[in-house]
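[1] Just to be clear, the model below is a prediction. Sequence and coordinates:
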Amino acid sequence: MVESYDLIFLVITYTIAIISVIVFILSALFIIIEFCIYKKNTYKARIYTVLGISIIGIYLTLPWCFLAIATNTNSRKAESYYKMAVNTALLPTVKSYMLYNLGKYNETISKNGDKAIENYEKAISNENIKTCNTNNLNNNSCKDYIFISLVSLCYLYSYKQDTNNCEKVCNAVGLQYITAEHYIQKRDYNNALAILNTQINTPDQKDNNLGRAYAMRAYIYEKLGKHNEAKKEFETAKKFSNSQIITELQNNNNYYEDFYNKQRLEYKF
């Protein structure tokens, strides 16, 4: 089972946070009344122990409280709460998860590609990305948010034209076609064709994947002026899939160039 922070975990966490705050307030009041007003110290050791436990409970749940505030804040202040969630996280796995959420905010809301990459990279820094491919998502070898971080990094590296990292991450998570797209928009058709040929010749491919691979190969043939080969490849692609991307590639000979230029502008690369 993929590790995740589900609803039950969050309910328990926020319950602990509330209880810890209540215990802290009651303990503090008891200390004020018992020690300061009545000058007694009958339960001094016990009450300080309870107070200490409540403080630990508050601090351990603090990142989740900041995360809850951040996800329910629609203003620019949300980023500061995501950062506070990261900064208050003590456990490495929790810090990794908070960095993932900050990266997702940078990617989807603030559209800051470089910051998104930076935080995703920190989130996966202690992970073995070779265990995070599509074949391992049903076991304990890869956390779901780590896989999502890697997928996002694959796309962002491609938009940024970071060839080395694009190849490494996209291949690790089974998104070789993104690597091929990366090479296409860089007009490195030989490397793109090599990837697509491997995908097409790999047994047990899904029909949609084969359809896309044939369509991408047809797109390259059009770029190279091999119009007859391109026409045949597009026809083959449609036998495997009726995906909209096949029609778009057939009708727009600058599809990838236009798309990637748009993405670079959107993410400020």
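    Here it is on my side, so go on.

[2] contacts and neighbour counts: CA atoms only from here.
    Will do.

[3] Number of residues surrounding residue 88?
    Using other Cα atoms under 10 Å, residue 88 has 18 neighbouring residues.

[4] Pop out the phi and psi values for it.
    phi -100, psi 0 (degrees, to the nearest 10).

[5] so what's it up against?
    59, 62, 63 (Cα atoms under 8 Å, 6 or more residues apart in numbering).

[6] any idea how far residue 185 is from the first one?
    Here the distance between residue 59 and residue 185 works out to 48 Å (Cα to Cα, to the nearest Å).

[7] For residue 256, state which of the contacts of residue 88 is nearest.
    residue 63 (40.2 Å; Cα to Cα).

[8] Quick one: low-confidence residue ranges for the chain.
    For the chain, the stretches flagged by pLDDT under 70 are 1-7, 9-10, 35-44, 126-142.

[9] after the longest helix anywhere in it, next one along is what?
    Longest helix in the chain by number of residues, with DSSP state H as the criterion: helix 44-71. Per DSSP states H and E, the first helix or strand lying C-terminal to helix 44-71 is helix 77-87.

[10] Residues contacting that next one, please?
    62-67, 69-71, 95, 98-99, 101-102, 105.

[11] Show me what the helix or strand following that helix is packed against.
    Following helix 77-87 in sequence order, the next helix or strand is helix 92-108 (DSSP H and E). Packing contacts for helix 92-108, counted by 3 or more Cα pairs under 8 Å, 6 or more residues apart in numbering; DSSP states H and E, involve helix 77-87, helix 113-123, helix 144-160.

[12] Residue 59 and residue 185: who's more crowded?
    Using other Cα under 10 Å as the criterion, residue 59 and residue 185 rank with residue 185 on top: 21 against 17.

[13] quick one, what contacts residue 54?
    Contacts of residue 54 by Cα under 8 Å, 6+ apart are 20, 21, 23, 24.

[14] Of the residues you listed, which belong to strands?
    Judged by DSSP state E, strands contain none of the contacts of residue 54.

[15] circling back to that earlier point, quick check on the contacts of helix 77-87: which are buried?
    Buried members of the contacts of helix 77-87, scored by 16 or more other Cα atoms under 10 Å, are 62-67, 69-70, 95, 98-99, 101-102, 105.

[16] Need the helices and strands packed on helix 92-108 in TSV (columns: mean neighbour count and distance to residue 241).
    Converted to TSV, these look like this (neighbours: other Cα atoms under 10 Å; distance: least, Cα to Cα, whole Å):
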stretch	mean neighbour count	distance to residue 241
helix 77-87	19	41
helix 113-123	22	32
helix 144-160	22	23
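
[17] out of those helices, which comes closest to residue 259?
    Distance to residue 259, taken as Cα to Cα, is lowest for helix 144-160 among the helices and strands packed on helix 92-108, at 9.4 Å.

[18] same for that closest one, what does it pack against?
    Helix 144-160 is packed against helix 92-108, helix 113-123, helix 163-172, helix 176-185, helix 255-266, with contacts defined by 3+ Cα pairs under 8 Å, 6+ apart.

[19] tilt between that helix and helix 113-123?
    Between helix 144-160 and helix 113-123, the angle comes out at 140 degrees (axes from the mean of the first three to the mean of the last three Cα atoms, to 10 degrees).

[20] and helix 144-160, how far from the chain's centre?
    Distance of helix 144-160 from the chain centroid (Cα atoms, centre = their mean, to the nearest Å) equals 6 Å.

[21] try stretch 148-164
    11 Å.

[22] For that stretch, C-alpha coordinates in PDB please.
    Extracted in PDB, the C-alpha atoms of stretch 148-164 (Å, rounded to 0.1, in the frame of the first residue of the first chain):
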ATOM      1  CA  ILE A 148       3.700  13.100  -8.000                       C
ATOM      2  CA  SER A 149       6.700  15.300  -7.200                       C
ATOM      3  CA  LEU A 150       8.800  13.300  -9.700                       C
ATOM      4  CA  VAL A 151       6.100  13.600 -12.400                       C
ATOM      5  CA  SER A 152       5.900  17.300 -11.900                       C
ATOM      6  CA  LEU A 153       9.700  17.600 -12.000                       C
ATOM      7  CA  CYS A 154       9.600  15.600 -15.300                       C
ATOM      8  CA  TYR A 155       7.400  18.200 -16.900                       C
ATOM      9  CA  LEU A 156       9.100  21.200 -15.400                       C
ATOM     10  CA  TYR A 157      12.600  20.000 -16.400                       C
ATOM     11  CA  SER A 158      11.200  19.500 -20.000                       C
ATOM     12  CA  TYR A 159       9.700  23.000 -20.100                       C
ATOM     13  CA  LYS A 160      13.000  24.500 -18.700                       C
ATOM     14  CA  GLN A 161      15.000  22.500 -21.400                       C
ATOM     15  CA  ASP A 162      17.100  20.800 -18.700                       C
ATOM     16  CA  THR A 163      18.000  17.700 -20.700                       C
ATOM     17  CA  ASN A 164      20.000  15.700 -18.200                       C
END
